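Visitor: next comes the sequence, and after it the predicted model I'd like to discuss.
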Amino acid sequence: MPTKMDASISQEMAYKLEKDPQYIKKIPACMQTPKMALDVIKKDIKLFKYIKVHTREVCQEVLSKDGNYIRYIESPSKQMCKLAVTTSPSAIQYIDEPSGELCKLALERNGACLQYISKQTPLMCKIAISSAPLALQYVKNQAKEICLMAVSKMGAALQHVKDQTKEIVMAAVSQDGLALRFVKDVDDDICMQAVTENGCALQYVKNQTKEICLTAILNDPKAIRYLTEQTPYLCLVAVLKNGLALEYVKNQTNEVCIEAIKQNPSALMYTQDKLPVYKVLAIKTCLNRIKEDTNYLNQITDKVLKGVVLKLILRKGKEE
């Protein structure tokens, strides 16, 4: 039966604990109460490792906030483990010999948790890849099916494929052309598929054939910046598709500049030579397009050009 002295000590500890949750470190395990534990957890969950009272209520409170604190609970119940993994999938690493059901629960929420699972099954790997394709790096047995599944969801997962077959590589660059940077054995077919998906994949192409370069530029005109040799023809194709690609054209011929401005008047800001003829063409093109669509004014990205065009429109409005 508690004495008056015990009650006085408990009251004093409760008072100090209320003032400073850190005081829990100084309270002996035998004198800690569930109420103390709950009050401390609510104020600072990090102090749970100093709490020795692990009642069901206390454990549920902490695990519902951060499942990783299960590492401080000795012999947690199945319900506690499930709550921990549901709250924080990475808590699976602190559970001894987790069941297949528990592993699946963790992987469904975060595929990267596969790194904490030693007994991997094909189904677990599929669940992990579905959740996080880059979890392929943690797959011990990289079956072809698993690799194809990963790269088909995220081409960049190719970097973790140990045996890169052409089928897997093609699937990767078809999903993300930039995955070309991870290809170990490159050929023209793979490069063509990559630039077809993303023209900027051209930056990773060493053997830049005419066909590959043309495909890349038609896909993304600004890929012109990755050409090892900017031919007049390819530069013209680029600006005809997107005048703003002029920014990356090194040898700006008169023809290329004019066509770029015709396609997009704002290309004027990227001309190396600010010739009067370019400025006049840009202004006229803008005014003509504004006649067809008054909202075109908002599409002019060259601030100087936009200012000039706006002044001309206002001046014409006053004259009328």
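Guide: Sure, I can see it.

Visitor: for Asn198, give me phi and psi.
Guide: Here is the backbone geometry of Asn198 (degrees, to the nearest 10): phi -150, psi 110.

Visitor: let me see the contact set for it.
Guide: Asn198 sits next to 176-178, 219-220 when contact means Cβ atoms under 8 Å, 6 or more residues apart in numbering. Using the backbone N, CA and C atoms, a C-beta is placed for each residue, glycine as well.

Visitor: and what of Ile217?
Guide: Contacts of Ile217 by Cβ under 8 Å, 6+ apart are 199, 223-224, 234, 237-238, 241.

Visitor: what about dumping the CA coordinates of stretch 157-170 to PDB?
Guide: Extracted in PDB, the C-alpha atoms of stretch 157-170 (Å, rounded to 0.1, in the frame of the first residue of the first chain):
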ATOM      1  CA  ALA A 157      15.200   1.600 -63.100                       C
ATOM      2  CA  LEU A 158      17.500   0.300 -65.900                       C
ATOM      3  CA  GLN A 159      20.500   1.500 -63.900                       C
ATOM      4  CA  HIS A 160      19.800  -1.300 -61.400                       C
ATOM      5  CA  VAL A 161      19.400  -4.100 -64.000                       C
ATOM      6  CA  LYS A 162      22.300  -6.500 -63.700                       C
ATOM      7  CA  ASP A 163      21.700  -8.300 -67.000                       C
ATOM      8  CA  GLN A 164      20.700  -5.800 -69.600                       C
ATOM      9  CA  THR A 165      19.100  -7.700 -72.500                       C
ATOM     10  CA  LYS A 166      18.000  -5.700 -75.600                       C
ATOM     11  CA  GLU A 167      14.400  -6.400 -74.800                       C
ATOM     12  CA  ILE A 168      14.800  -4.800 -71.300                       C
ATOM     13  CA  VAL A 169      16.800  -1.900 -72.700                       C
ATOM     14  CA  MET A 170      14.200  -1.200 -75.400                       C
END
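
Visitor: in it, what's buried?
Guide: Using 16 or more other Cβ atoms under 10 Å as the test for burial, stretch 157-170 gives 157-161, 164, 168-170.

Visitor: one more: stretch 273-291?
Guide: 278-279, 281-283, 285-287, 289-290.

Visitor: among these, which one sits closest to Lys140?
Guide: Arg289 (59.7 Å; Cβ to Cβ).

Visitor: please, which helix or strand holds that closest one?
Guide: Following DSSP states H and E, the helix or strand that holds Arg289 is helix 276-292.

Visitor: now for that helix, which elements pack on it?
Guide: When contacts are defined as 3 or more Cβ pairs under 8 Å, 6 or more residues apart in numbering; DSSP states H and E, helix 276-292 packs onto helix 254-263, helix 303-319.

Visitor: sorry, back to before: by neighbours, which of the contacts of Ile217 wins?
Guide: Counting neighbours by other Cβ atoms under 10 Å, Ala238 comes out on top of those with 32 neighbours.

Visitor: in TSV: the buried residues of stretch 273-291, plus distance to Lys78 and pLDDT.
Guide: Formatted as TSV, the buried residues of stretch 273-291 follow (distance: Cβ to Cβ, whole Å; pLDDT from 0 to 100):
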residue	distance to Lys78	pLDDT
Tyr278	75	96
Lys279	76	95
Leu281	75	96
Ala282	72	95
Ile283	75	95
Thr285	72	95
Cys286	70	94
Leu287	74	94
Arg289	68	94
Ile290	70	92
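
Visitor: quick one: which of the contacts of Asn198 sit in strands?
Guide: For the contacts of Asn198, not one is inside strands, with DSSP state E as the criterion.
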